[in-house]
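> Show me how the following folds:
(chains A and B)
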Amino acid sequence: MINNIGTELKRGVLTENPIFVLALGLCPSLGVSTSVSNGLGMGLASTFVLIGSNIIISLLKKVIPEQVRIPAYIIVIASFVTIVQMVMQAYLPALYTSLGIFIPLIVVNCIILGRAEAFASKNNVINSAIDGLVMGLGFTVALVVLSTIREILGANKLLGLEFIPGFKPMTIFILAPGGFFTIAFVVGLINFFKMKKEQK
Amino acid sequence: MTTERTLDLHISSSPHIRDSRSVPHIMRDVVLALIPAMIAGFIFFGIRSLMLIASAVIAAVVTEYVISEKLLKRSNAIGDWSAVITGILVAMNMPVAAPIWMAALGSAFAIAVAKWTFGGLGNNFINPALAGRAFLMASFPAQMTGTIFSQSGLFGKVPSPLCGMDAVVTSASATAWGGADALSGATPLAALPNLISSGANIQDTLLPLFWGNVGGCIGETSAIAILIGAIFLLGRRVIGFTIPVIYVATVFILALFFSGVEGASPLSSDAATVALFHILSGGLLFGAVFMATDMVTSPITIKGQAIFALGCGVLTFVIRKFGGYPEGVSYSILLMNLVTPLIDRYVSPRVYGTGKK
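Numbers count the residues shown, from 1 in each chain, chains lettered A, B, ... in the order given. Reported below is the predicted structural model:
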């Protein structure tokens, strides 16, 4: 059971980070981590959906028949994604355009379905909400880390501003191969430090 | 009583054949074979070509040293010369006008990402030098396709891209030259469709292509220099005939049939001229001799190598003729590198005594 928010936060961001440790949600991570604003926007949008869907699914866990639980989860998730999509289109049109297809694709983000199946369907409402929050924050932190690296190396920009004057950006980091390189090296680095810690 | 002895367990890359030849020997031969092409690059593109090569080699060796000796604590990785070759190949696949640091970055990427993340020499699944080139191409397309060929060689300004073809060149739009890919810095290749449609005498272009007095990447322009290196490598049995011959022959035959010359039959002299143009221009010879024959990333059996070379040839021609780039040597070799394990799997010889299939 959930003890305190601090250890939960550590679990979501570090020990069970959705991207770097669980390797879930890699498609949106590759697709939108090209700039920090995209990464942050995607992360926060997913966090909102994750909290909302975890709460509703946790509330409905008794009434959803086991055989049709996945379609039921998807409908709940899709409702929240639709809300996010409409709000973003209305208030953040620039972000909405640059995220494009990846907003509706949050529906099939395996982190959200994964938490619904693995956590929300077995735990109470408050714990599910906290789980959604920490997992969403973990996803957001990972996306921001990836997109910071990619935006600096690939466009020499941070949040759209020039980063190091005169530095020649390597366009490949904005392209798909750069996304794979970045994820691979960050995960490799994390595992390297983990192994070092375990050796001690 | 047995005396206690320490076992000297030596770890080396495959194949584990007892022979006086070793990895360092083979690699040194490859470096020697590259010297004519380097000299040609120096003659046609000037001292700057040597500076690019030097910076790429230093970056490759330093990267190799830092990763293998400092990070992984392995010894004897520098001594095998493979990093030197990667550095030379990366630089020779660049246009001479590219910035010096770009050569260093490309070969550092080749060694660090394409080679060492997969375990170093013998474990890389794609040719590191070509991976470095692909990385540079995707990152800095403008510098890598280098429209500026005004660096002075020993004979003064170099391209006048195709000697005697100036009229055609000036009438051909500048974009045809600007769009040139570089592996092969296919500048003459980019101009080929215009040459054919304008009815120009392509035969006149073959001689400059043979000597190398044309625009392109440092290492690829001089057919004669590459052929000298090829003869040396074949004589020393560092490379076999299979890959280079089948690769070049495939492109030649395809070019005979799809020469693009109006109404030319595959046996006409027009088609033969275009086919010759195809094998002399771009990076085909350089790729076929120095890149596709890389022992680590090409199939082991002769049959497998034939399939590999055929695939390279078909892909190269398809990219040249129908693709968006004027040259396709680097990408076709990279693509065939990827299917090499599959080829090896399907053509592996039957193990003796295991019955018929």
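
> and the longest helix for chain A?
helix A:125-155 (DSSP state H).

> as a whole number, average confidence for the helix or strand just after that one?
Next along the chain after helix A:125-155, taking DSSP states H and E as the criterion, comes strand A:157-158. For strand A:157-158, mean pLDDT is 78.

> Strand A:157-158 pairs with which strands, parallel or anti?
If you go by DSSP bridges, strand A:157-158 pairs up with strand A:161-162 (antiparallel).

> thinking A:A45 is in contact with A:L105, fair?
No: assessed by Cβ atoms under 8 Å, A:A45 is found out of contact with A:L105, at 11.0 Å. For the C-beta atoms, the positions are set from N, CA and C on the backbone; glycine is no exception.

> and these two? which has more neighbours close in?
A:A45 (28 against 16; other Cβ atoms under 10 Å in any protein chain shown).

> now the longest helix of chain A, how far from the chain's geometric center?
5 Å (Cα atoms, centre = their mean, to the nearest Å).

> do stretch A:25-33 as well
Worked out by Cα atoms, centre = their mean, stretch A:25-33 lies 8 Å from the chain centre.

> any idea of the pLDDT on residue 124?
Just so you know, I chose chain A. For A:N124, the model assigns a pLDDT of 86.

> Wait, chain B was what I had in mind.
On the pLDDT scale, B:N124 gets 85.

> Likewise for B:T316?
With respect to pLDDT, B:T316 has a value of 91.

> for the one 5 residues further on, same thing?
Model confidence at B:K321, expressed as pLDDT, equals 83.

> swap in B:E262?
pLDDT, B:E262: 64.

> got it, and B:L32?
91.

> wait, it sits on B:F232?
Yes: using Cβ under 8 Å, B:L32 is in contact with B:F232, at 6.6 Å.

> ok, these two, which is more surrounded?
Neighbour count, other Cβ under 10 Å: between B:L32 and B:F232, B:F232 has more, with 18 against 14.

> so which helix or strand takes in the more buried one?
Going by DSSP H and E, B:F232 is part of helix B:223-235.

> Between helix B:223-235 and the helix or strand following that helix, find me the angle.
Using DSSP H and E, the helix or strand that follows helix B:223-235 in sequence is helix B:242-257. If you take axes from the mean of the first three to the mean of the last three Cα atoms, to 10 degrees, helix B:242-257 sits at 140 degrees to helix B:223-235.

> Now do the buried residues in helix B:242-257.
Applying a neighbour-count criterion of 16 or more other Cβ atoms under 10 Å in any protein chain shown, one finds B:T242, B:I243, B:P244, B:I246, B:Y247, B:V248, B:T250, B:V251, B:F252, B:L254, B:A255, B:L256 buried in helix B:242-257.

> Just give the closest residue to the fourth one, not the sequence neighbours.
Read it as B:I246. The shortest distance from B:I246 to any non-neighbouring residue, by Cβ to Cβ, 6 or more residues apart in numbering or on different chains, is to B:A309 (3.7 Å).

> ok, now which ones touch the one you found?
B:T242, B:I243, B:P244, B:V245, B:I246, B:Y247, B:T250, B:A288, B:A292 (Cβ atoms under 8 Å, 6 or more residues apart in numbering or on different chains).

> Give me the pLDDT for the last one.
Pointing back at B:A292 there. So, for B:A292, pLDDT stands at 90.

> Ramachandran angles for it?
phi -70, psi -20 (degrees, to the nearest 10).

> roughly how far apart are it and chain A?
Separation of B:A292 from chain A (Cβ to the nearest Cβ, to the nearest Å): 22 Å.

> thought that residue was touching B:G313?
No: B:A292 is beyond contact range of B:G313, at 9.5 Å (criterion: Cβ under 8 Å).

> and A:F48, how many neighbours?
19.

> give the contact list for it.
A:F80, A:V84, A:G136 are the contacts of A:F48 under Cβ under 8 Å, 6+ apart.

> for the residues you listed, which one is nearest chain B?
A:G136 (31.0 Å; Cβ to the nearest Cβ).

> Please look at the closest one and A:A45 and confirm they touch.
No: between A:G136 and A:A45 no contact is recorded; they are 9.3 Å apart, counting by Cβ under 8 Å.

> of B:A292 and B:G313, who's got more company?
The residue with more neighbours, out of B:A292 and B:G313, is B:A292; 31 against 25, by other Cβ under 10 Å.

> What distance do you get for the more buried one to B:T316?
10 Å (Cβ to Cβ, to the nearest Å).

> likewise A:L50?
A:L50 is 48 Å from B:T316, by Cβ to Cβ.

> Show me what from chain A comes close to chain B.
A:K168, A:P169, A:M170, A:T171, A:I172, A:F173, A:L175, A:P177, A:F181, A:A184, A:G188 (Cβ under 8 Å from any Cβ of the partner chain).

> In helices, which of those fall?
Short answer: the residues of chain A next to chain B in helices (DSSP H) are A:P177, A:F181, A:A184, A:G188.

> now these: which count as buried?
For these, buried by 16+ other Cβ under 10 Å: A:F181.

> Of the ones in helices among the residues of chain A next to chain B, just say which sits nearest to B:W101.
A:F181 (19.5 Å; Cβ to Cβ).

> Name the nearest residue to the closest one, ignoring sequence neighbours.
B:V113 (6.8 Å).

> Show the contacting residues for the one you found.
A:F181, B:A131, B:F135.

> how about TSV for these, with distance to A:L113 added?
Listed next are those as TSV, based on distance: Cβ to Cβ, whole Å:
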residue	distance to A:L113
A:F181	27
B:A131	36
B:F135	35
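
> Stretch B:275-293: end-to-end distance?
Using Cα to Cα, to the nearest Å, one end of stretch B:275-293 lies 22 Å from the other.

> swap that for stretch A:158-172, sorry
17 Å.

> tell me the domain boundaries of chain B?
Domains of chain B are assigned by automatic domain parsing as B:23-144, B:186-346.

> If you count neighbours, what's buried in the longest helix that chain B contains?
In chain B, taking DSSP H as the definition, the longest helix is helix B:23-45. Buried positions in helix B:23-45, judged by neighbour count with 16+ other Cβ under 10 Å: B:23, B:26-30, B:33-34, B:36-38, B:40-45.

> now do stretch A:176-189
In stretch A:176-189, counting by 16+ other Cβ under 10 Å, buried: A:G178, A:G179, A:F181, A:T182, A:I183, A:V186, A:V187.

> Name the nearest of the residues you listed relative to B:A108.
A:F181 (13.5 Å).

> Local confidence estimate at the closest one?
pLDDT, A:F181: 88.

> Surely it and A:M170 touch.
No: applying Cβ under 8 Å, one finds A:F181 not in contact with A:M170, separated by 10.1 Å.

> Give the full set of residues in contact with the residue of the stretch 201-350 of chain B found nearest chain A.
Residue nearest to chain A within the stretch 201-350 of chain B (Cβ to the nearest Cβ): B:L334, separated by 12.0 Å. Going by Cβ under 8 Å, 6+ apart, B:L334 touches B:I126, B:N127, B:L130, B:A131, B:A134.

> Tell me how far the residue nearest the centre of chain A lies from A:N109.
By Cα atoms, centre = their mean, chain A has its centre lying nearest to A:F139, at 3.2 Å. A:F139 sits 9 Å away from A:N109, taking Cβ to Cβ as the criterion.

> Common neighbours of these two, please.
With Cβ under 8 Å, 6+ apart, A:F139 and A:N109 have common neighbours A:G25, A:S46.

> lowest-confidence helix or strand of chain A?
strand A:161-162 (a mean of 74; mean pLDDT, DSSP states H and E).
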